[in-house]
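Student: Need a 3D model of the sequence below.
(one chain, ligands or ions: 1)
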Amino acid sequence: MPRYHAPVKDTLFVLDAVAGLHDHADVPGFAALTPDLVEAVLTEGGKFCGEVLAPLNLPGDRQGCTRHPDGSVTTPDGFRDAYAQFCEGGWGGLIADEHHGGQGLPYVMGAVLQEYIGAANMAFGMYPGLSEGAQAAIEVVGSPEQKAKWLPPMVHGRWTGTMNLTEPHCGTDLGLIRTRAEPLSNDSYAITGTKIFISAGEHDLAENIIHLVLAKTPGAPDNVKGISLFLVPKFLVNDDGSLGARNGVSCGSIEHKMGIHANATCVMNYDGATGYLLGEENKGLAAMFIMMNAARLGVGIQGLSQADAAYQNAVDYAKGRLQGRSLTGAKNPEGKADPIIVHPDVRRMLMDARAYTEGMRALVLWSAIRVDLARKSPDAAAREMADDLISLLTPVIKGYGTDRGYEVATNCQQVLGGHGYIAEWGMDQFVRDARIAMIYEGTNGIQALDLVGRKLGAKGGRGTQAWLALVGSDLGAATDDRLAFITAPLSTALGDVQAGIMWLLQNGMANPDHAGAGATAFMRMMGHVALGHMWLKMADASLAALDAGTADPDFHQAKLTTARFFAARVLPETSGLRAQLEAGADTVMALPAEMF
Ligand SMILES: Cc1cc2nc3c(=O)[nH]c(=O)nc-3n(C[C@H](O)[C@H](O)[C@H](O)COP(=O)(O)OP(=O)(O)OC[C@H]3O[C@@H](n4cnc5c(N)ncnc54)[C@H](O)[C@@H]3O)c2cc1C
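Tutor: Alright, predicted model coming up:
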């Protein structure tokens with residue numbers, strides 16, 4: 001049975017030394033985050049994930065969800081009890097507004113918890129995860145009455161939320177949506193249509209499910225400009241907050257799928273269901289994007305979590321499995337063979353996994369603090385800067401983060417050889433679960449297009465310039481010779497990214513296929529540099545800790561060693577990626593479609 005141990009020590013290091021958690025006491029919510037409180041929350045959260053959620057992961061995958069003839073859905077054994085504990089512990093409301101019954105902690109604390117929950121049990125984490133996204137949308141576009149009515153039970157976890165965009169004929173292209181919303185006399189609408197692939201669409205964990213649904217009103221433009229957002233509860237809610245009649249929405253079936261079996265992916269049928277307009281008519285997509293941006297960061301975190309869970313188990317295996325002898329002489333001379341962790345090719349996979357997970361954790365938490373600054377900093381310029389940076393980095397965290405998360409998970413499966421392919425070890429589940437993160441919330445191809453087509457040039461390229469300047473100035477400040485191992489390749493990689501942006505500017509406008517064909521290579525290149533930036537910060541902090549006589553020299557030496565690996569083995573990839581980008585669309589598009 002795979003195990004999971006939350007990496008609390010590493011998280012604390014990142015929060016403190018890289019993300020600057022304690023440098024923002026002027027931002028509401030941050031002053032209360034004393035080091036003791038942060039450690040206590042992470043330790044407790046990690047314990048809950050390791051002891052309650054992780055043991056349910058593999059059995060939940062085997063059992064899956066069950067739809068009954070009446071349309072109800074039950075989650076795997078143990079999920080209801082775990083969810084009740086989750087709510088009792090207040091984990092669902094950790095970052096929610098205190099006005100709605102939450103604890104009002106900064107977003108960054110929620111991001112940490114999302115990582116731990118996702119690594120322990122990704123399918124479980126999606127029930128509260130989707131709900132958080134729905135709450136974010138209601139919080140931003142809902143009326144005061146709607147917030148007061150719907151948010152408190154969702155924050156508590158008594159009700160959960162979903163997002164309903166996808167229909168059988170439309171996923172990426174939401175302009176094609178056919179679900180209709182007919183106005184009724186009492187300020188509500190009758191919603192009719194079919195949504196597919198709806199995560200957590202029906203289940204037995206909560207008393208009510210609040211679906212956020214994209215639909216078109218009569219006469220609305222039949223494209224993305226005609227989409228509105230509706231709140232459609234499973235049970236109607238009386239004025240006193242009690243549950244009323246069952247609404248006309250039901251689960252038609254649950255999908256049989258590759259992974260996340262314990263999360264019910266539902267076909268949802270809306271048969272004249274009562275819905276309430278959220279925000280303005282025809283502005284639904286913008287409202288949904290609030291939810292999707294939060295969700296995209298959450299999905300990036302899923303890439304990190306599956307990678308870390310797979311890494312932890314691959315390390316355990318590599319230390320215990322005896323096969324062959326070290327190329328440089330026996331390391332376990334009393335035994336008939338050495339543990340496979342001595343073999344460079346196994347090390348290559350483990351080091352890559354370690355360099356990605358620690359680097360990605362740093363990028364996620366550093367970025368999560370930018371989310372907090374963008375929302376709450378008292379300084380308008382700081383809010384604007386943070387917003388620019390997080391907008392730019394969101395597709396990278398989602399797209400690069402989950403591409404690499406999947407690669408790491410599959411490499412860690414490889415570490416177990418044939419046993420990695422055998423279900424009882426659970427490594428296949430990490431790979432299968434990691435795979436979906438590359439697809440939903442906008443496929444990674446769409447993330448790459450969003451990055452090159454919109455985010456790089458947004459607001460006249462302000463965010464891009466700010467990020468390039470930030471990496472450049474951190475490189476300039478790293479004058480300690482002992483950091484040259486990373487400053488040199490990071491400068492080169494940053495140069496590749498800058499050249500890539502220039503190339504896109506010069507060629508992408510003239511022929512958009514050039515931008516489309518190179519977008520994924522560019523996203524990976526930028527992801528490497530974003531992680532390299534984090535590794536520079538971590539190496540710098542670890543050197544300082546060692547110079548100051550840290551009580552934990554092994555931890556900081558390991559950081560430096562991993563930073564060296566990243567600098568030497570990952571950063572140089574940017575030159576090849578740049579060549580791919582600059583090769584343009586010709587070889588990609590030359591073959592006529594009928595020749596395939
Ligand atoms: C397990 C699971 C859970 C899900 N959960 C939810 C949920 O909770 N709510 C919800 O609404 N949806 C959900 N989805 C749907 C998911 O978001 C979509 O599957 C995804 O957005 C892709 O849409 P599609 O499947 O229709 O693929 P398509 O849009 O048909 O895309 C097919 C391929 O074409 C590419 N492509 C499409 N358009 C372009 C373009 N313009 N340029 C370049 N490439 C393009 C895509 O990148 C992809 O590779 C879920 C899906 C799954 C499998």
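
Student: Chain neighbours aside, what residue packs nearest to residue 236?
Tutor: Spatial nearest neighbour of residue 236, chain neighbours left out: residue 244 (4.0 Å); criterion: Cβ to Cβ, 6 or more residues apart in numbering. Every C-beta, even on glycine, is put in place using the N, C-alpha and C of the backbone.

Student: Pull up the pairing partners for whichever helix or strand that neighbour is part of, direction included.
Tutor: Per DSSP states H and E, residue 244 falls inside strand 243-246. Using DSSP bridges, the strands paired with strand 243-246 are strand 235-237 (antiparallel).

Student: contacts for the partner strand?
Tutor: 149-150, 207-208, 243-247, 274 (Cβ atoms under 8 Å, 6 or more residues apart in numbering).

Student: Looking at the residues you listed, which is nearest the ligand?
Tutor: residue 208 (17.3 Å; Cβ to the nearest ligand atom).

Student: wait, that closest one sits on residue 158?
Tutor: Yes. The criterion here is Cβ atoms under 8 Å, and residue 208 meets it with residue 158 at 7.3 Å.

Student: higher neighbour count, those two?
Tutor: Between residue 208 and residue 158, counting by other Cβ atoms under 10 Å, residue 208 is the more crowded of the two (18 against 14).

Student: So for residue 472, what's the nearest residue that isn't a sequence neighbour?
Tutor: Per Cβ to Cβ, 6+ apart, closest to residue 472 is residue 494, 6.7 Å.

Student: and the gap between residue 169 and the ligand?
Tutor: Distance, residue 169 to the ligand, using Cβ to the nearest ligand atom, to the nearest Å: 8 Å.

Student: Also residue 430?
Tutor: Taking Cβ to the nearest ligand atom, one finds residue 430 at 16 Å from the ligand.

Student: Going by secondary structure, residue 413 is in what exactly?
Tutor: helix 401-415.

Student: next one: residue 193
Tutor: Assigned by DSSP H and E, residue 193 falls within strand 189-199.

Student: Sheet partners, orientation included, of the following helix or strand past that strand?
Tutor: Moving toward the C-terminus from strand 189-199, the next helix or strand (DSSP H and E) is strand 208-215. Using DSSP bridges, strand 208-215 pairs in its sheet with strand 159-164 (parallel), strand 228-233 (antiparallel).

Student: Tell me which other helices or strands whichever helix or strand comes after the first one touches.
Tutor: Same thing as strand 159-164. Using DSSP H and E, the helix or strand that follows strand 159-164 in sequence is strand 180-183. With contacts taken as 3 or more Cβ pairs under 8 Å, 6 or more residues apart in numbering; DSSP states H and E, strand 180-183 sits against strand 189-199.

Student: Please work out the average pLDDT along the strand it packs on.
Tutor: Averaged across strand 189-199, the pLDDT comes to 98.

Student: ditto for stretch 78-85
Tutor: 98.

Student: Now do the buried residues in that stretch.
Tutor: 78-79, 82-83 (16 or more other Cβ atoms under 10 Å).

Student: For it, give me every contacting residue.
Tutor: With Cβ under 8 Å, 6+ apart, stretch 78-85 has contacts from 48, 52-53, 55-56, 59-60, 75, 124, 127, 157, 204-206, 262.

Student: now stretch 249-258
Tutor: So stretch 249-258 is contacted by 65, 67, 71-73, 191, 194, 196-197, 201-202, 211, 232, 234, 264-271, 273, 432, 435-436 (Cβ under 8 Å, 6+ apart).

Student: same deal with stretch 328-346?
Tutor: 315, 317-327, 347, 350, 415.

Student: Surely residue 266 forms part of a helix?
Tutor: No. Judged by DSSP: H, G, I helix; E, B strand; the rest coil, residue 266 forms no part of a helix; its state is strand.

Student: Spit out the contact partners of the closest residue to the ligand within the chain.
Tutor: Residue nearest to the ligand within the chain (Cβ to the nearest ligand atom): residue 171, separated by 1.9 Å. Residue 171 sits next to 165, 197 when contact means Cβ under 8 Å, 6+ apart.

Student: Many thanks, we can stop here.
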